[in-house]
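> Sequence first, predicted coordinates after that:
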Amino acid sequence: MVSVNIIILCVVVLVGLSWRVTSSVPIDAENDLKFSVRRDVRIRKEFTAMSYKERTRFVRVYKYVSRHQPYRRRFEYLVGLHKSLFPKVHVEKQFFPWHRWYLLQFENLFRRIDSRVTLPYWDWSIRSQKLWHIGRKSVWNNYPWGLGGNGTGSFNCVDKGPFSKKSWRLAPKSGGGCLRRKFMGRMPSVVAVHLTLRKNASQFKQFEKKIRKFYHNELHCCIQGTMELETASNTPEFLLHHTFMDKIWYDWQNKGEEYRMKLADNMGSTVRGSHYKVRQFMDPNNLGSSGTKLRYVDPFPGYKRLHATLNSLDSDAVKMLDSYDEKSKQQCCPHDPNSAFKKTMEIDKYRADIPLEVAVDYGH
């Protein structure tokens, strides 16, 4: 029986990757000068499953807000916030809620330009063996709907695509200059992510640690360049990666009511850089003060069937399918001496004397 399921899994994974998601994105009118939003639903799709038109729209809006006032001012503030709060928000008690809040800040800003835009995510787990592949549908293609490819030359500058050094520059708070990448390694497979999602509500600490210290850190280290710095939020791939981290948390929360509000015992603490409480960014059906709802569209129609098949197997059988990941050992961070994220592998708590900065919140 196990061997039959393994065959089914291989077919689903290989064939399912090319399937496309067709859910529509609602259009909401937003004219409030303070970037506030209506009580709405944010439908977030997997980047490679989106239409070229949707992807191009996201890329254009990203570039516009990063270059034109008054949006650029807010964009650069958010980039600087990640750097200034870096040690304080990459710990257990802040990582999930803070980044959920942070992603909404970017999303709200982008929707000031085009209310059809929501943040996409990149599910690298379903392409773990072809992570850096360049094709028309890939993340790293040079078309208007891609993010450009690997860096070149001694500085590893991206020289092709929408974010090439000729057409786009980093914010001054990020040091300016070109967007840099130096691809290496590979990421865990969808099987590894499934094993992480299997953790029950009482295993939250193990679940959170796996996401934060392994999945999160590893992609930063594998892309290297700008993504390995504290100013990584000045890259478009940062948003795609972190939105996927939020999607994994979202999927785990949706396993049941006992999962939804599970976190370290700090519900009343403040989301760093804001005036909100952590509990206000726990429930994906009621975020912030306006009650925004999150909805993540699966990367392909057979995604839930894939996980259902995996759930029909015992853990040992599933682990046999996880050979791609060499027992889930990290491949990039241990070999990346320049990564700001590597130090988060060593300790769970920082003692850096960084003051709590209260941001001016627009809507969330």
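That came through, no problem.

> Give me the distance between residue 131 and residue 140.
9 Å (CB to CB, to the nearest Å). Heads up, the C-betas are built off the backbone N, CA and C, glycines and all.

> Likewise for residue 171?
For residue 171 relative to residue 140 (CB to CB), the value is 22 Å.

> Of all residues in the chain, which one is nearest the centre?
A centroid search over the chain (CA atoms, centre = their mean) returns residue 242, at 1.8 Å, as the residue closest to the centre.

> In contact with the closest residue in space to that one that isn't next to it in sequence, which residues?
Distances taken as CB to CB, 6 or more residues apart in numbering put residue 99 closest to residue 242, at 5.4 Å, once the chain neighbours are dropped. Applying CB atoms under 8 Å, 6 or more residues apart in numbering, we find residue 99 in contact with 89, 242, 245-246.

> Would you list the phi and psi of residue 44?
phi -110, psi 130 (degrees, to the nearest 10).

> you'd agree it is up against residue 122?
No - at 11.1 Å, residue 44 does not count as touching residue 122 under the criterion of CB atoms under 8 Å.

> Which residues are in contact with each of these two?
Joint contacts of residue 44 and residue 122 (CB under 8 Å, 6+ apart) are residue 243.

> ok, which stretches of this structure are strands?
41-44, 293-296 (DSSP state E).

> So which of the ones you listed is nearest residue 74?
strand 41-44 (18.3 Å; CB to CB).

> any idea of the mean pLDDT for the closest one?
Strand 41-44 shows a mean pLDDT of 97.

> just how off-centre is it within its chain?
Computed by CA atoms, centre = their mean, to the nearest Å, the chain-centroid distance of strand 41-44 equals 15 Å.

> same question, stretch 52-62
17 Å.

> How about it, which residues are buried there?
Buried residues in stretch 52-62, counted by 16 or more other CB atoms under 10 Å: 54-62.

> so which two of those residues are the farthest from each other?
54 and 62 (12.8 Å).

> which regions of this structure lie under the pLDDT threshold?
Residue ranges of the chain with pLDDT under 70: 1-39, 264-265, 323-330, 334-364.

> mind listing what residue 225 touches?
Taking CB under 8 Å, 6+ apart as the test, what residue 225 contacts is 151, 156, 179-182.

> gap between the closest residue to it other than its chain neighbours and residue 198?
When the adjacent residues along the chain are set aside, residue 225 lies closest to residue 180, with 3.2 Å between them (CB to CB, 6+ apart). According to CB to CB, residue 180 stands 37 Å off from residue 198.

> Between the two, tell me which one has more neighbours.
The residue with more neighbours, out of residue 180 and residue 198, is residue 180; 23 against 16, by other CB atoms under 10 Å.

> tell me the contacts of that one?
151, 155-158, 224-226.

> do that again at 6 Å, thanks
Residues near residue 180 by CB atoms under 6 Å, 6 or more residues apart in numbering: 151, 156-157, 225-226.

> closest to residue 285 among the residues you listed?
residue 226 (34.1 Å).

> Any idea how many residues pack against that closest one?
Residue 226 - counted by other CB under 10 Å - has 27 other residues nearby.

> Is it in contact with residue 235, as I believe?
Yes - Residue 226 lies in contact with residue 235 (CB atoms under 6 Å); the separation is 5.1 Å.

> where do the contact lists of the two overlap?
Joint contacts of residue 226 and residue 235 (CB under 6 Å, 6+ apart) do not exist.

> Can you give me the distance of the residue lying closest to residue 205 once chain neighbours are set aside to residue 209?
Among residues not flanking residue 205 along the chain, residue 92 sits closest, at 7.1 Å (CB to CB, 6+ apart). Distance, residue 92 to residue 209, using CB to CB: 7 Å.

> List every C-alpha atom in stretch 256-267, with coordinates, as PDB.
Coordinates of the C-alpha atoms in stretch 256-267 are reproduced here as PDB (Å, rounded to 0.1, in the frame of the first residue of the first chain):
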ATOM      1  CA  GLY A 256      -8.500  23.600  14.400                       C
ATOM      2  CA  GLU A 257      -9.600  26.200  17.000                       C
ATOM      3  CA  GLU A 258      -6.900  25.100  19.400                       C
ATOM      4  CA  TYR A 259      -4.300  26.000  16.800                       C
ATOM      5  CA  ARG A 260      -5.600  29.400  15.900                       C
ATOM      6  CA  MET A 261      -4.500  31.400  18.900                       C
ATOM      7  CA  LYS A 262      -1.500  29.300  19.900                       C
ATOM      8  CA  LEU A 263       1.600  31.300  20.600                       C
ATOM      9  CA  ALA A 264       4.000  31.900  23.400                       C
ATOM     10  CA  ASP A 265       2.300  33.500  26.400                       C
ATOM     11  CA  ASN A 266       2.600  37.100  25.200                       C
ATOM     12  CA  MET A 267      -0.800  37.900  23.700                       C
END
